[in-house]
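J.: Turn this into a structure:
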Amino acid sequence: MEQSVSDIDALVREEKRLTAVESHNEAWAEGLSAGIEPEIIAEAALATAFAEIVAANGEPAALAMLDRMRARVEAGDFEPVRLRH
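T.: Residues are numbered from 1 along each chain as shown. Here you go, the predicted structure:
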């Protein structure tokens, strides 16, 4: 069975996302081991990310991403996973 171009694109995008998460997790751990508070690491990461988005795609794209992230926070997407018995 052949995969469509969109399926392959989705797989490539997911692989890139996972690689980015892994890289970010390593940088986060390095910051923590250097004694940097999580809030400072988070603010620096967000500031860097939004500066890159504004530079690459403009302010409307950054604001749209902020709206999407806000909706995800409000939906509980970033709550710690709770184990249920």
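J.: CA only for contacts and neighbour counts going forward, please
T.: OK.
J.: contacting residues around stretch 31-40?
T.: The contact list for stretch 31-40 (C-alpha atoms under 8 Å, 6 or more residues apart in numbering) reads I41.
J.: right, and A61 touches V54 too?
T.: Yes: the pair A61 and V54 passes the contact test of C-alpha atoms under 8 Å, sitting 7.0 Å apart.
J.: what do these two both touch?
T.: Shared contacts of A61 and V54, defined by C-alpha under 8 Å, 6+ apart, are absent.
J.: Run a quick neighbour tally on R17.
T.: The local packing count at R17 equals 12, with neighbours defined by other C-alpha atoms under 10 Å.
J.: Tell me the spacing between it and E59.
T.: Computed as C-alpha to C-alpha, to the nearest Å, the R17 to E59 distance reads 22 Å.
J.: Nearest the middle, which residue of this structure would you pick?
T.: To find the centre residue of the chain, average its C-alpha atoms and take the closest one (C-alpha atoms, centre = their mean): that gives V21, at 7.0 Å.
J.: Now do the contacts for that residue.
T.: Residues near V21 by C-alpha under 8 Å, 6+ apart: none.
J.: which helix is the longest one in the chain?
T.: Longest among the helix segments of the chain by residue count, using DSSP state H, is helix 5-33.
J.: What residues sit buried inside that one?
T.: Burial within helix 5-33, assessed by neighbour count using 16 or more other C-alpha atoms under 10 Å, is assigned to W28.
J.: Next secondary structure element downstream of that helix?
T.: Beyond helix 5-33 on the C-terminal side, the first helix or strand identified by DSSP states H and E is helix 38-57.
J.: Specify the angle between that following helix and helix 5-33 in degrees.
T.: 140 degrees (axes from the mean of the first three to the mean of the last three C-alpha atoms, to 10 degrees).
J.: how about helix 38-57: buried residues?
T.: Residues of helix 38-57 classed as buried: 41, 50, 53 (neighbour count, 16+ other C-alpha under 10 Å).
J.: List just the nearest of the residues you listed to L66.
T.: Among the buried residues of helix 38-57, F50 lies closest to L66 (C-alpha to C-alpha), at 8.9 Å.
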